[in-house]
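A.B. asks: here you go, sequence then predicted model.
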Amino acid sequence: MDLTATAMDAPHATDAARFAMNGVVPRLAWRPENAREVANAVRQCAADKLALVPWGGGVALAREDAPERYDVALDLTAMKRVTIYDPEDFTVTAECGVTLADLRETLAAKQQELPLEAAEAWGATLGGVLAANAGGARRRAFGSPRDRILGASFVTGSGVIAKTGGRVVKNVAGHAVHRLLVGSRGALGVLLTASLKLLPQPPARVAMMWAADAGNLANSERWRDWPRREPAALTVLGRAVAALKPALASDAPYAVVAGFEDDATWIEECTAFARDSLGTPRAKVQDASVPPLWQQLADAEEMPGVRLTFTTAANTPNAIAFLHGRPVAERMLFHAACGRLHLWPTVEESLALVTELAARGFALIGARGLPPAGARAESGISLLRRRLRVAMDPSGVFANGSSWS
């Protein structure tokens, strides 16, 4: 195959070296500027039997393991317009190359927000957040990307531009393919635009930080009433993870971060509750100073190395107290409020951890940097996506879907 000729026919070829996945560089990289060019690129890959990976900012994707075949990186960052914004209906439709930071700035002008977090929001794109179903410490309080999406346009593996869902809540109908695209990691289609539900900015916010030891974590009585307060965030970080961010670092084994978002009276009550149960915090921030702290927690999720991600119904910090004393306890981040645990173990530690945590009610939902034997068990939704892939990507163009075959 003459890859030079293929690249010359492609829209806006760019430097492939910028799109390495865990050190593996694709043979080609293209940067389309509109939906038609994306569709043409996918059709060209199908015709030339090239395996394609859609790219946003590459914040997380650069650290992911490359698929078995990785021929073309499709850079979508040129497609970054906010196409429809209806503040009165609390909805927005945007091209998926827009960064979270730029989208936040647009919404903030109308005192609204899209309550999603991802590492390095200045570079993380809407499409990347949706493709990964990413979400930070506030995931349970305000919903995941799958909860917030109303509809989407995308390109199938045959190069067809398709639409799913709607632009406003009352118009959403039909099969919820847009929700299956969320979390599919670019294995079902190339996201072009997405319509999402927004929220008003809360009247007040507060976040507090404490240093904690093993006794603090294990004390179930201390944490018993926290779920009733419905914190926006309740996160525990091991010492090595907390050290990545100066605002979070301490000499204690753990840092605890908690926050509330609501009206001022409720915030005052919750602040008093937090002080009564955990003592005087070592730091406290309010209102406009709180979102940057949520961003730091999201940034900490992208610590390099092998990473295991678990979900659990347990939503208080004592659920992970059993890890204390092990090396991995220092390399741990637990968003207790939404039951999402990230661990950075060695490869040798990983298998035993997966087995032990499964016995304790933690389901593995992500494994980065492990051989195939360490991959997560197949869920019902992944089985459904596999069936959809047969219809939406019959030629197997999308490289990240190869593990579903």
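C.D. replies: In hand now; what should we look at? Residues are numbered from 1 along each chain as shown.

A.B. asks: mind listing the helices for the stretch 151-300 of the chain?
C.D. replies: Ranges of helices within the stretch 151-300 of the chain are 177-181, 214-218, 220-223, 226-229, 239-242, 264-278, 290-300, based on DSSP state H, counting those that start in this stretch.

A.B. asks: can you list the ones you listed in a markdown table and add mean neighbour count, distance to Q112 and mean pLDDT?
C.D. replies: (C-beta placed from N, C-alpha, C; glycine too.) Shown next, in a markdown table, are the helices of the stretch 151-300 of the chain (neighbours: other CB atoms under 10 Å; distance: least, CB to CB, whole Å; pLDDT from 0 to 100):
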| stretch | mean neighbour count | distance to Q112 | mean pLDDT |
| --- | --- | --- | --- |
| helix 177-181 | 22 | 21 | 90 |
| helix 214-218 | 17 | 36 | 93 |
| helix 220-223 | 15 | 33 | 94 |
| helix 226-229 | 15 | 25 | 96 |
| helix 239-242 | 22 | 31 | 96 |
| helix 264-278 | 16 | 19 | 96 |
| helix 290-300 | 21 | 13 | 95 |
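
A.B. asks: using TSV, lay out the ones you listed together with distance to V257.
C.D. replies: Shown next, in TSV, are the helices of the stretch 151-300 of the chain (distance: least, CB to CB, whole Å):
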stretch	distance to V257
helix 177-181	30
helix 214-218	13
helix 220-223	14
helix 226-229	13
helix 239-242	9
helix 264-278	11
helix 290-300	6
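
A.B. asks: nearest to G136, out of the ones you listed?
C.D. replies: Proximity to G136 (CB to CB) singles out helix 290-300 among the helices of the stretch 151-300 of the chain, at 4.0 Å.

A.B. asks: chain center to that closest one: distance?
C.D. replies: The chain centre lies 13 Å from the centre of helix 290-300; the measure is CA atoms, centre = their mean, to the nearest Å.

A.B. asks: to R148, which of the helices of the stretch 151-300 of the chain lies closest?
C.D. replies: Judging the helices of the stretch 151-300 of the chain by CB to CB, what sits closest to R148 is helix 177-181, at 10.3 Å.

A.B. asks: quick one: distance of the closest one to the chain centre.
C.D. replies: Distance, centroid of helix 177-181 to centroid of chain: 15 Å (CA atoms, centre = their mean).

A.B. asks: follow-up on the earlier one: out of the helices of the stretch 151-300 of the chain, nearest to A17?
C.D. replies: Closest to A17 of the helices of the stretch 151-300 of the chain, according to CB to CB: helix 290-300, at 24.6 Å.

A.B. asks: walk me through which strands the following helix or strand past the closest one pairs with, and which way each runs.
C.D. replies: Next along the chain after helix 290-300, taking DSSP states H and E as the criterion, comes strand 307-311. Here strand 307-311 is paired, per DSSP bridges, with strand 340-343 (antiparallel), strand 363-368 (antiparallel).

A.B. asks: A313 is nearest to which of the helices of the stretch 151-300 of the chain?
C.D. replies: Of all the helices of the stretch 151-300 of the chain, it is helix 226-229 that lies closest to A313, at 11.0 Å by CB to CB.

A.B. asks: kindly format the C-alpha coordinates of the closest one as PDB.
C.D. replies: C-alpha atoms of helix 226-229 as PDB (Å, rounded to 0.1, in the frame of the first residue of the first chain):
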ATOM      1  CA  TRP A 226     -22.000  12.000  55.400                       C
ATOM      2  CA  PRO A 227     -24.100  10.400  52.600                       C
ATOM      3  CA  ARG A 228     -27.200  12.100  54.100                       C
ATOM      4  CA  ARG A 229     -25.500  15.500  53.500                       C
END
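
A.B. asks: who's in contact with that helix?
C.D. replies: 234, 258, 260, 270, 273, 277, 315-316 (CB atoms under 8 Å, 6 or more residues apart in numbering).

A.B. asks: do that again at 10 Å, thanks
C.D. replies: Identification of contacts with helix 226-229 by CB atoms under 10 Å, 6 or more residues apart in numbering yields 140, 234, 258, 260, 266, 269-270, 273-274, 277-278, 315-317, 336-337.

A.B. asks: those: which two are farthest apart?
C.D. replies: So, the contacts of helix 226-229 by CB to CB: farthest apart are W266 and P317, at 22.0 Å.

A.B. asks: how about the strands of the stretch 51-200 of the chain, start to end?
C.D. replies: Secondary structure of the stretch 51-200 of the chain, counting by DSSP state E, counting those that start in this stretch: strands at 52-55, 72-75, 82-86, 91-95, 112-113, 149-155, 161-165, 190-197, 199-200.

A.B. asks: report the strands that pair with the third one, each with its relative direction.
C.D. replies: Same thing as strand 82-86. strand 91-95 (antiparallel).

A.B. asks: and the angle for the strand it pairs with with strand 190-197?
C.D. replies: Counting by axes from the mean of the first three to the mean of the last three CA atoms, to 10 degrees, strand 91-95 lies at 160 degrees to strand 190-197.
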